[in-house]
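> mind folding the following:
(2 chains)
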Amino acid sequence: MPAEAISLDDPADRMNEEMLIRRIRDGEHELFYELIRPYERRVYSAAFAILHNEADAEDVAQEAVLKAFKHIRQFRAEARFSTWLIQITVNEARMRRRKEHAEIMQPIVDHQDEEGNYTPRDFADWREIPSETLERSEVRQKLAEALVSLGQKYREVFVLRDMQHLSIEETAKTLGVSTASVKTRLLRARLMLRDLLAPGLGGSWASKLSFAKGTKPW
Amino acid sequence: MVVTCEQVWHESSSYLDGETGSDLRAAIEEHVRGCKTCGAVLDGTRNVIGLYGEDRMFEPPPGFSRRLHRRLEKNMPRRRGTAVGWMVAVAAALLIVGSFEVGDSASFVHPQLRSKLAQPGSGIPADMMVVVAEDGKTFHVAGCRFIHDKAKLRTIPAGQALREGYMPCVRCMKKYLTESARRNAVDADDGEFARSAEPVSK
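Next comes the predicted model:
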């Protein structure tokens, strides 16, 4: 599992965050800017991963942060603030999605039985992909397209678990499903994304990039 | 323990998350050593997790943070003022009022005319450029031969000259003065006009 982008494993950081929250609750509202600053990007990223629309993602991110500010007294110290904030964001994004009934792309895998086994379709050998690949906007674009083509229930689990680094239990709680469902959906989401991104498949990004068909884009 | 390819795929997620028991883990690793297909599946899935887990995956649009803070600011309750804060506010208000007072006095005070009998005249265009001497009491049109101290001249609008207490020259500005004003001005002006070489014009 990759390291967390923002880690509060350092007890000093965690204490600082707890102190900030306490002072905000006591009326020093302007400290809220400082509290959310490390997480602004993650909030937007979570909203965008679910909505796949810049304007909606920004609006939902703002709503989520506002909601966190208004309900800061309800935050339980045993959870991480970042987890709580992401949970609010994902809930806001889901509500927005339900409200607008917006499916940007038809999910390609929603019809599949969640409990059935998923068989990988491509067995091309991938060597390790350096994260510098993400510097290229076309690569990010292809990753985003692959993500949005997943069914919503798979995408949400993948976003929370692999992009926002919530635990299986936190993901289950946020989505209101069992931990067993989270594990099943996560397995499928990962394997499907792997297939979608594997070079040589129909509709894959490799053909649109400057790579020869059948070779890897990295 | 021996595992099949299907079992490896089924357990791949737990394996990559480090959540499989030691026996199963060892069995999967043993299987992968001899199975390129399963090795490809695990490597590819590991790449997927690594790439999407990067913080740079979805960049917020430019100005996102600024707009977010602005919206927060609009929705934040204003803090109640402290005693010091109130004192600062009151002092600032006094300063502002004070500055208005100063401004008023500067703009609307009636000038102390430099001659007690001086008449400001009537109908003098305020923007007409006139000439004054620092030590004199009258203002003139440029070129008036009764300007006595040519070394200390200023050219200013007539309106400003009046505000500064100068009175119109009874010679060059005659048309703006009544007869009595001209006479008074001549009588009163015991300095400037007395020093002029030329007699009062008819």
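> mind listing what A:Ala77 touches?
A:18, A:21 (C-beta atoms under 8 Å, 6 or more residues apart in numbering or on different chains). From N, CA and C alone the C-beta is placed, and that goes for glycine too.
> next: B:Val2.
B:27, B:30-31.
> you'd agree it is in a helix?
No. Looking at B:Val2 with DSSP: H, G, I helix; E, B strand; the rest coil, it is coil, so not inside a helix.
> quick check: mean pLDDT of the helix or strand harbouring B:Ile156?
Element membership of B:Ile156 [criterion: DSSP states H and E] is strand B:153-157. Mean pLDDT, computed over strand B:153-157, is 86.
> give me the contact list for that strand.
With contacts defined as C-beta under 8 Å, 6+ apart, strand B:153-157 is touched by B:126-134, B:139, B:142, B:147, B:164.
> ok, of those residues, which come out buried?
With neighbours counted by 16 or more other C-beta atoms under 10 Å in any protein chain shown, the contacts of strand B:153-157 contain buried members at B:130-133, B:139, B:147.
> and which of those is nearest chain A?
Set against chain A, the nearest of these by C-beta to the nearest C-beta is B:Val132 (57.4 Å).
> between the contacts of B:Val2, which is nearest chain A?
Of those, the one sitting nearest to chain A (C-beta to the nearest C-beta) turns out to be B:His31, at 14.4 Å.
> sticking with the closest one, tell me its helix or strand.
With DSSP H and E as the criterion, B:His31 is inside helix B:22-33.
> before we move on, the earlier item: what comes up buried for the strand holding B:Ile156?
B:Ile156.
> ok, back up a step: the contacts of strand B:153-157 in strands, which ones?
B:129-133, B:139 (DSSP state E).
> and the two most separated of those?
Pairwise distances across the ones in strands among the contacts of strand B:153-157 peak at 14.9 Å for B:Met129 and B:Ala133 (criterion: C-beta to C-beta).
> my read: B:Asp149 touches B:Ala133, true?
Yes. Counting by C-beta atoms under 8 Å, B:Asp149 does reach B:Ala133; the two are 4.4 Å apart.
> okay, domains of the chain per the record?
Defaulting to chain A. With automatic domain parsing as the criterion, the domains of chain A are listed as A:11-100, A:131-208.
> my question was about chain B, not that one.
When chain B is parsed with automatic domain parsing, its domains come out as B:1-77, B:129-195.
> looking at those, which has the lowest confidence?
domain B:129-195 (a mean of 74).
> using a markdown table, please lay out the buried ones among the contacts of strand B:153-157 together with distance to A:Leu150.
Output for those, formatted as a markdown table (distance: C-beta to C-beta, whole Å):
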| residue | distance to A:Leu150 |
| --- | --- |
| B:Val130 | 86 |
| B:Val131 | 88 |
| B:Val132 | 87 |
| B:Ala133 | 91 |
| B:Phe139 | 88 |
| B:Ile147 | 94 |
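> tabulate these in CSV, adding columns for distance to chain A.
Shown next, in CSV, are the buried ones among the contacts of strand B:153-157 (distance: C-beta to the nearest C-beta, whole Å):
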residue, distance to chain A
B:Val130, 58
B:Val131, 60
B:Val132, 57
B:Ala133, 61
B:Phe139, 59
B:Ile147, 66
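> where along chain B do the helices fall?
B:5-16, B:22-33, B:36-52, B:64-75, B:83-108, B:158-163, B:179-188, B:192-195 (DSSP state H).
> ignore what I typed, I meant chain A.
Secondary structure of chain A by DSSP H: the helices cover A:11-25, A:31-36, A:40-51, A:54-70, A:81-100, A:137-148, A:152-158, A:168-175, A:179-197.
> still on that earlier bit, redo the domains of chain A as a markdown table? Include distance to B:Asp55 and mean pLDDT.
Shown next, in a markdown table, are these (distance: least, C-beta to C-beta, whole Å; pLDDT from 0 to 100):
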| stretch | distance to B:Asp55 | mean pLDDT |
| --- | --- | --- |
| domain A:11-100 | 7 | 90 |
| domain A:131-208 | 9 | 82 |
